[in-house]
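Engineer: Got a sequence here, can you model it:
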Amino acid sequence: MQNLLEELKKLLEQDERLVIEGKLLKNKIIELALKLDVDLIRLLLKSETIKTHFFREVDGVLVFDKIKFQKFVSNKAFLPDSYTSFKNKIGLVTENEEYLSESKEAVLVWPYKDCVLEGGMEKEDEKRDEIFYNEILAPDEIDRLLEPKVLTNFKRIDKDGEYKVTEINKNDNLIIRGNNLLALHSLQKRFAGKVKLIYIDPPYYFRDSKSGDTFSYNTNFKFSTWLTFMRNRLSIAKDLLAKDGSIFVQMSDEGSAHLKLLLDEVFMAENFLNTVSVRMKNIAGASGGGEDKRLKKNIEFIYIYSREDQYFNPFQNVYDYKELYGLIQEYRENGVSWKYTSVLYDTGEKEYLTSTKDGGGNEIKIYKRGNPIFKSINQIAEDESLTEKDVYYKYWGKIFTTAMPQSSIRTRVLDAVNKAAKKCELYSIEYMPRSGRHKGILYEQFYKGEQLRLLSWLKDVAEEKEGIIYKKELQGTYWDGFNLNNLSKEGRVELENGKKPEALLSRILDMATDKNDIVLDFFIGSGTTCAVAHKMGRQYIGIEQLDYGENDSVVRLKNVINGDQSGVSKSVNWQGGGDFVYCELMKLNEKYIDEIKKVKTTKELLDIWNTMKEKAFLSYKVDVKQFDENVNEFEELDLGNQKKFLIECLDKNQLYVNLSEIDDSEYEISKEDKELDKQFYEVK
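Structural biologist: As a prediction, this is how the structure comes out:
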C-alpha cells in the first residue's frame with residue numbers, strides 16, 4: 001500500500017492544477033476524479049500500477065472506478081498530517097496492503113461510536129475544544145463495551161446527612177455518576193420494562209454559522225456524530241420503558257427535524273403522540289434576530305412517544321389553569337363570549353316520570369322538576385348586594401350554560417319524555433353504567449325545556465385550590481405561562497443556560513405518571529427532573545457524567561430534602577424529607593482520560609503516558625516501543641493532538657470496570673461494594 005501511495009503522489013504532482021506551494025490538494029483531486037476529468041484520467045493511465053488498482057476492463061474498454069479512487073485518496077494515510085503520520089508509525093492505523101474498508105482487522109460499527117463531553121450547553125462564549133473520541137471497534141469488542149459496570153462510592157443522603165449504604169432497596173431513588181450510555185446498559189437488568197416516563201433535555205445540535213461546526217457541547221462534533229450519540233442512548237432507553245410508558249425529548253429548532261426522524265426510527269412512527277411547542281425565553285432575551293435578519297428564537301420543542309401504543313393510556317390532568325374571574329375579564333376585553341352566566345338557584349321538587357334504556361341496556365330514570373328557580377349572575381348580585389366576582393365564588397357549583405349535545409342518551413330521554421306527554425321546565429335523569437370505564441358510577445344530568453338542552457356546569461370545567469377557583473382548559477400543543485424570571489436560581493443552584501423550569505417538569509409528570517412511578521433522566525444537568533420527581537412522590541433515576549460543583553444535581557437534591565421552597569414546592573405543598581442513593585461507575589481507563597483533559601503541558605502528558613504503560617489497558621494496536629523511540633515527533637504535535645492521541649491509545653472497552661470482573665483482586669473492590677453490586681444487579 002505504501003508503494004501505491006508514493007507512486008500516486010508523484011504522478012499527481014505532475015498536474016499543476018493539483019498543487020499549491022508544493023502541496024497536493026486532496027479535495028481538488030477528489031473533485032476532478034468524480035467529474036471524470038479527462039486530463040486527470042489520462043495522467044492516471046500513465047502508470048501501470050495505478051491502472052491495475054483503479055481501472056477495470058469491460059468488453060475491451062477501460063472503466064475508471066472513481067468511487068474506489070475517492071475512498072483511497074480520502075484515506076488519512078494519503079497526504080497525512082503530522083498527527084496521522086505519528087499514528088501510522090505507532091501502529092494505530094493499519095499498514096498492510098489492504099484498504100481500510102476491506103480490512104478484517106477493524107470495521108466501523110457506527111452505532112457504537114461514543115464521545116466524551118464536557119462544557120456548557122448553549123453559551124457561545126464558553127465553547128472549548130473538548131477532548132472527544134470516535135472509535136473504530138472490532139465486532140468482538142462491542143459486547144464487552146456495553147457490559148454492566150461495577151458501581152462504587154455508594155452513599156445514602158437524607159436530611160441528616162450522608163451515610164454508608166448498607167442495602168439497596170427496589171424503591172430507592174438513584175443518582176449515578178458516569179458515562180450515560182454505559183450507565184443505561186448497566187440499568188437494563190434491574191429496570192428493563194419498568195420505567196414509566198423518560199424525560200431528557202440532551203445537548204442540543206447546534207450549527208455555528210461562521211465555522212460550520214455543530215453540537216455546542218463540543219465544537220469538534222459534527223452532525224452525524226450528534227445523531228450517532230443520540231441513537232445509541234435512545235435505543236437502550238427504549239428497552240427500559242414500560243409497555244405503557246412514554247418518552248419526552250426536548251429540543252431547540254436546530255436539528256429538530258432530524259431528531260424527529262431518528263425518534264421515528266427508534267420508537268416507530270406509529271408510537272408518536274405529539275410535538276409540543278414550549279415558550280422558553282422572553283423575546284427580549286431570545287437569540288437570533290437583529291443583524292441575522294431572522295426571527296427571535298423563544299420556542300423549543302418536545303417530542304412525545306409512547307413505548308407501545310396498544311398499551312398506552314391517555315394522558316391525565318391535561319389542563320391549563322387560569323383564575324376564574326380574571327379569565328372572565330380577559331374574555332370581555334378581547335370580545336370573547338363568556339357563556340356561564342346562569343344559576344340553577346333551586347332544582348325544584350323531584351318527581352319520578354318514566355324510564356328508558358341506553359344502547360348498552362342500562363336503565364335511565366327520568367324525573368320532572370317542579371318549580372325550579374333560575375337566576376342570572378346580575379340578578380343575584382342585585383338581590384344579595386354582592387359583586388359579580390362574589391357571585392361566581394359563592395355559586396360556582398350551580399352556574400351553568402346550556403348545550404344541545406347529539407348524544408344517544410339525550411335522544412332516548414327526549415323520546416321517553418314526549419311519549420309520557422308531561423311537559424315541564426326542567427328534567428333530571430339518573431343512570432349507572434354496568435360496564436366500561438364508568439362502571440358503577442351514578443350519574444345525574446339536568447335538561448332544560450321542551451328541547452331538553454343539557455345543563456353544562458361550570459364546576460365540571462373548574463377547580464377550587466386553596467380558596468381560589470380556576471377554570472380548567474384542555475392543554476393544546478403550545479405551552480406558555482412558565483415563570484422564566486430567576487429561573488437560574490430554582491433549587492438554589494445556578495445554570496445560566498439550558499435549565500428547565502420546575503413547572504414544566506411538574507406538568508409532564510402530572511400528565512404521564514402516578515405516585516411511585518419510575519422516572520428516568522439521563523442528562524440531568526442541575527437536576528430539575530429529579531428535584532420535581534422527589535417533590536411529587538415519584539421514584540427517579542438520574543445519570544450525569546459531569547460534576548457541576550456547587551451547582552450539581554446532588555447539591556440541589558440535598559436542598560430539596562431540606563425543604564427548598566423554590567420552583568413547584570408551594571403548589572405541591574412540599575415540606576422536605578425523603579432520601580436518595582448516590583453511586584458511580586467504577587473508573588478504569590476513564591480516570592486517565594480525566595487526567596489527560598486537565599493537564600496544561602506536554603511534560604505532564606508524558607508523565608501520564610509513563611503511568612499508562614504500566615497500569616492502563618492500551619489498545620492492542622499501540623506499539624509502545626515505537627512511541628518511546630519517536631517521542632520527539634509526539635512532542636512536536638500541538639497539545640490538543642497530543643491529548644487526542646493518548647486517548648486513542650486507551651482501550652475504550654476498559655473505561656470502567658465490568659461487573660464480570662468484580663472478584664478480580666487487581667481492582668481492589670471492597671467487600672461492601674461487592675455486596676451492594678450483587679443486590680443492585682439482583683445476583684442470587
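Engineer: where does this structure dip in pLDDT?
Structural biologist: 1-2, 76-77, 93-143, 205-224, 284-292, 435-438, 495-498, 683-684 (pLDDT under 70).
Engineer: So it: which segments form each domain?
Structural biologist: In terms of domains, the chain is parsed into 2-75, 124-160+168-318+479-585, 321-474 (source: automatic domain parsing).
Engineer: So for residue 612, which of these sits nearest?
Structural biologist: Ranking the domains of the chain by proximity to residue 612 (C-beta to C-beta) places domain 124-160+168-318+479-585 first, at 14.8 Å. C-beta here means a position set from N, CA and C on the backbone, and glycine is covered the same way.
Engineer: From the chain's centroid, how far away is that closest one?
Structural biologist: 5 Å (C-alpha atoms, centre = their mean, to the nearest Å).
Engineer: one step back: deepest of the domains of the chain, which one?
Structural biologist: Ranked by mean neighbour count, those are led by domain 124-160+168-318+479-585 with a mean of 18 (mean count of other C-beta atoms under 10 Å).
Engineer: Can you tell me the SS state at the residue nearest to residue 595 when sequence neighbours are not counted?
Structural biologist: Among residues not flanking residue 595 along the chain, residue 608 sits closest, at 5.5 Å (C-beta to C-beta, 6 or more residues apart in numbering). What DSSP: H, G, I helix; E, B strand; the rest coil gives for residue 608 is helix.
Engineer: The one 3 residues further on too?
Structural biologist: Residue 611 falls in the helix class when you classify it by three-state DSSP.
Engineer: sorry, back to before: for burial, what's the neighbour tally of the residue nearest to residue 595?
Structural biologist: 18 (other C-beta atoms under 10 Å).
Engineer: Kindly report the same for the one 10 residues further on.
Structural biologist: Counted with other C-beta under 10 Å, the neighbours of residue 618 add up to 16.
Engineer: Tell me which residues touch the residue nearest to it when sequence neighbours are not counted, please.
Structural biologist: Nearest residue to residue 618, sequence neighbours excluded (C-beta to C-beta, 6+ apart): residue 649, at 5.5 Å. Neighbour list for residue 649: 90, 92, 612, 618, 619, 622, 627 [criterion: C-beta atoms under 8 Å, 6 or more residues apart in numbering].
Engineer: In contact with the third one, which residues are there?
Structural biologist: The one in question is residue 612. Counting by C-beta under 8 Å, 6+ apart, residue 612 has contacts 592, 618, 646, 649, 650.
Engineer: if you set the cut-off to 6 Å instead, what comes out?
Structural biologist: With contacts defined as C-beta atoms under 6 Å, 6 or more residues apart in numbering, the neighbours of residue 612 are residue 592.
Engineer: ok, now the one 10 residues further on?
Structural biologist: Neighbour list for residue 622: residue 649 [criterion: C-beta under 6 Å, 6+ apart].
Engineer: which SS class is it?
Structural biologist: With three-state DSSP as the criterion, residue 622 reads coil.
Engineer: what about it, distance to residue 80?
Structural biologist: Distance of residue 622 to residue 80, given as C-beta to C-beta, to the nearest Å: 18 Å.
Engineer: Kindly report the same for residue 67.
Structural biologist: 21 Å.
Engineer: Could you do residue 621 as well?
Structural biologist: According to C-beta to C-beta, residue 621 and residue 80 sit 16 Å apart.
Engineer: These two: which has the busier surroundings?
Structural biologist: residue 621 (18 against 15).
Engineer: Can you classify residue 175 by secondary structure?
Structural biologist: Classification of residue 175 using three-state DSSP returns strand.
Engineer: what's stretch 38-52 in contact with?
Structural biologist: 7, 11, 15, 32, 64.
Engineer: Where do the helices of the stretch 51-200 of the chain begin and end?
Structural biologist: Counting by DSSP state H, counting those that start in this stretch, the segments of the stretch 51-200 of the chain that form helices are 66-74, 82-90, 139-145, 180-191.
Engineer: I meant to write the stretch 401-550 of the chain there.
Structural biologist: 408-420, 502-512, 528-535.
Engineer: so can I have JSON lines of these showing distance to residue 279?
Structural biologist: Below are the helices of the stretch 401-550 of the chain laid out as JSON lines (distance: least, C-beta to C-beta, whole Å):
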{"stretch": "helix 408-420", "distance to residue 279": "40"}
{"stretch": "helix 502-512", "distance to residue 279": "10"}
{"stretch": "helix 528-535", "distance to residue 279": "17"}
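Engineer: for those, which one sits closest to residue 260?
Structural biologist: For these, proximity to residue 260 was assessed by C-beta to C-beta; helix 502-512 is nearest, at 18.4 Å.
Engineer: Send over the closest one as PDB, restricted to the C-alpha atoms.
Structural biologist: Taking C-alpha atoms only, helix 502-512 is exported to PDB below (Å, rounded to 0.1, in the frame of the first residue of the first chain):
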ATOM      1  CA  GLU A 502     -39.800  23.000  37.500                       C
ATOM      2  CA  ALA A 503     -43.300  23.900  36.500                       C
ATOM      3  CA  LEU A 504     -42.600  22.400  33.000                       C
ATOM      4  CA  LEU A 505     -41.500  19.100  34.600                       C
ATOM      5  CA  SER A 506     -44.300  19.200  37.000                       C
ATOM      6  CA  ARG A 507     -46.800  19.400  34.200                       C
ATOM      7  CA  ILE A 508     -45.100  16.500  32.400                       C
ATOM      8  CA  LEU A 509     -45.000  14.300  35.500                       C
ATOM      9  CA  ASP A 510     -48.600  15.100  36.300                       C
ATOM     10  CA  MET A 511     -49.700  14.100  32.800                       C
ATOM     11  CA  ALA A 512     -47.600  10.900  32.300                       C
END
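Engineer: and it, what does it pack onto?
Structural biologist: helix 528-535 (3 or more C-beta pairs under 6 Å, 6 or more residues apart in numbering; DSSP states H and E).
Engineer: tilt between the helix it packs on and helix 502-512?
Structural biologist: In terms of direction (axes from the mean of the first three to the mean of the last three C-alpha atoms, to 10 degrees), helix 528-535 departs from helix 502-512 by 60 degrees.
Engineer: now what about helix 528-535, what contacts it?
Structural biologist: 199, 491, 500, 502, 505-506, 519, 521, 524, 540, 542, 556, 560, 572, 574, 578.
Engineer: Check the residues you listed and tell me the two furthest apart.
Structural biologist: With C-beta to C-beta as the measure, no two of the contacts of helix 528-535 lie farther apart than 500 and 578, at 21.2 Å.
Engineer: So which of the contacts of helix 528-535 is the closest to residue 674?
Structural biologist: Checking the contacts of helix 528-535 against residue 674 with C-beta to C-beta, the nearest one is residue 542 at 24.3 Å.
Engineer: and the closest one, how far is that from residue 552?
Structural biologist: The gap separating residue 542 from residue 552 is 11 Å, by C-beta to C-beta.
Engineer: swap in residue 433?
Structural biologist: The value you get for residue 433 to residue 552, if C-beta to C-beta is used, is 52 Å.
Engineer: coming back round to it: nearest to residue 413 among the contacts of residue 649?
Structural biologist: Closest to residue 413, out of all of the contacts of residue 649 and judged by C-beta to C-beta, is residue 619, at 79.2 Å.
Engineer: Could you list which residues are in contact with the closest one?
Structural biologist: If you count contacts by C-beta under 6 Å, 6+ apart, then residue 619 has 649, 651 around it.
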